[in-house]
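In: sharing a sequence plus its predicted fold:
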Amino acid sequence: MDSNVRPQDMKRIDNIELANQFIDEQIKIVRKQVGDKKVLLALSGGVDSSVVAALLVKAVGKQLVCVHVNHGLMRKGESQQVIDVFQNQLGANLIYVDATDRFLDKLAGVDNPEQKRKIIGGEFIRVFEEEARKLEGIAFLAQGTIYPDIIESDGVKAHHNVGGLPEDMQFELCEPVKLLYKDEVRVVGKALGLPDDMVYRQPFPGPGLGVRCLGAITRDRLDALREADEILREEFDKNGLAGKVWQYFIAVPDIKSVGVKDGKRYEGWPAIIRAVNTIDAMSATIEEIPYTLLHKITDRITHEVDGINRVLYDLTPKPIGTIEWE
Ligand code: XMP
């Protein structure tokens, strides 16, 4: 039987009992596969890699070595949450690498979106490889591959998976959730005790805020984007939209307009709100954010975020606009 094909009689994991059954089965399979060897995992903090990490901590404990690369393009507080949950709460073996300067230095002056993606993906592999080379006895590479990654080869997930490691670093793969759909991965994550804001996290592109700080990334505009994004997320949380809207974020273009602050001329960037609903990300509709909330968000962003002097609301569905701006 092809191990990459979901058996027809496999039940959809939609409750805690089925999730626990799956976890017990996988623990046995992983222990048998791994033996006393070590497993390496790139832990981004996204749903899939987080669930794999929690599952493998249960199965092989300290034989799992997680590497979290902070590329400086994470949302506010995300890397800290990875450390809190995995190192502090689950006791995982976690290597945290703050590679912010490396990524931002490489990206300086680069405005082409595909070039930016290539640099981020390539640098990620290099940082991960350097960390892997410092370790001894690694025989397996764990990945948060899920079933749609196998059946849809659209490459969207390519950044997450650490394909592209050099020839002399080929490990045997350990992919315990590769036959699960996203909703099942979340149920398993919940059963493993991961926090809700990790399990029900909205999709976040591998290149992170890098494709939302439009054009050539600068640290000041990236900081402004991160702060504005945090305000949007807080307000969506407080107003019951966080669990309802499929994906929402801020993009900040590299243009300035004139404004007035404290009676003085104040030039700043616009923050663009994007909030979309979709089933499969192939097409998307716009969430109708109530006007009162839009005013609140605008007020907070323009007063609390240095460098932003306008807030715009993107009403473009997909098609014709893609979900991300670049
Ligand atoms: P678009 O912008 O193509 O996005 O409508 C569809 C979904 O894919 C995500 N996306 C990415 N994910 N690397 C990723 O891992 C990328 O380069 C990338 N670009 C877009 C996007 O956030 C949306 O969920």
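Out: On my side now, so go ahead.

In: please, where are all the strands along the stretch 201-326 of the chain?
Out: Under the criterion DSSP state E, counting those that start in this stretch, the stretch 201-326 of the chain carries strands at the ranges 247-251, 260-261, 264-265, 269-277, 285-286, 308-313.

In: the fourth one vs the ligand: in contact?
Out: So that's strand 269-277. No - applying C-beta under 6 Å from any ligand atom, one finds strand 269-277 separated from the ligand by no less than 8.5 Å. (Glycine included, C-beta is placed from N, CA and C.)

In: would you mind listing the buried residues in that strand?
Out: 269-276 (16 or more other C-beta atoms under 10 Å).

In: what's the angle between that strand and strand 308-313?
Out: 30 degrees (axes from the mean of the first three to the mean of the last three C-alpha atoms, to 10 degrees).

In: and the first one, by the same measure?
Out: Inter-element angle recorded for strand 247-251 and strand 308-313: 140 degrees (by the same axes, to 10 degrees).

In: give the residue farthest from the middle of the chain.
Out: For the chain, the largest distance from the centre (C-alpha atoms, centre = their mean) belongs to Gly263, which lies 40.5 Å off.

In: need the phi and psi values for it.
Out: phi 70, psi 10 (degrees, to the nearest 10).

In: and the chain, which of its residues are near the ligand?
Out: Within the chain, the positions adjacent to the ligand are 117, 156, 159, 203, 205-207, 247, 281, 318, 322-324 by C-beta under 6 Å from any ligand atom.

In: if you rank those residues by neighbours, which is first?
Out: With neighbours taken as other C-beta atoms under 10 Å, the top of these is Pro207, carrying 23 neighbours.

In: check it and give its pLDDT.
Out: At Pro207, the model reports a pLDDT of 96.

In: how about the contacts made by it?
Out: Each residue near Pro207 by C-beta atoms under 8 Å, 6 or more residues apart in numbering is listed here: 73, 116-117, 120-121, 159.

In: same question for Gln33.
Out: Taking C-beta under 8 Å, 6+ apart, one finds 140, 172, 174 in contact with Gln33.

In: Thr292 too?
Out: Per C-beta under 8 Å, 6+ apart, neighbours of Thr292: none.

In: for it, report the pLDDT, please.
Out: So, for Thr292, pLDDT stands at 98.

In: equivalent analysis for Ile151, please.
Out: For Ile151, pLDDT reads 86.

In: grab the nearest non-local neighbour of the residue of the stretch 1-150 of the chain found nearest the ligand.
Out: At 5.2 Å from the ligand, Arg117 is the closest residue in the stretch 1-150 of the chain, using C-beta to the nearest ligand atom. In this structure, Arg117 finds its nearest non-sequential neighbour in Pro207, 5.2 Å apart by C-beta to C-beta, 6 or more residues apart in numbering.

In: where exactly do the helices run in the stretch 201-326 of the chain?
Out: Assigned by DSSP state H, counting those that start in this stretch, the stretch 201-326 of the chain shows helices spanning 219-238, 291-304.

In: please identify the most buried of those.
Out: helix 219-238 (a mean of 19; mean count of other C-beta atoms under 10 Å).

In: residues contacting that one, please?
Out: 72-73, 75-77, 104, 209, 212-213, 242, 245, 248-252, 254, 269, 271, 273, 275, 293, 296-297, 300-301, 304-308.

In: so what's the gap between that helix and the chain middle?
Out: Mean-position distance between helix 219-238 and its chain equals 16 Å (C-alpha atoms, centre = their mean, to the nearest Å).

In: stretch 237-257 now?
Out: Distance of stretch 237-257 from the chain centroid (C-alpha atoms, centre = their mean) equals 15 Å.

In: between the two ends of that stretch, how far is it?
Out: 30 Å (C-alpha to C-alpha, to the nearest Å).

In: sitting in helices, which of the contacts of Pro207 do you find?
Out: 116-117, 120-121 (DSSP state H).

In: okay, those in CSV with pLDDT next?
Out: As requested, those are exported to CSV (pLDDT from 0 to 100):
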residue, pLDDT
Lys116, 98
Arg117, 97
Ile120, 97
Gly121, 95
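
In: can I get those residues in CSV including distance to Pro7?
Out: Shown next, in CSV, are the ones in helices among the contacts of Pro207 (distance: C-beta to C-beta, whole Å):
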residue, distance to Pro7
Lys116, 40
Arg117, 35
Ile120, 37
Gly121, 33
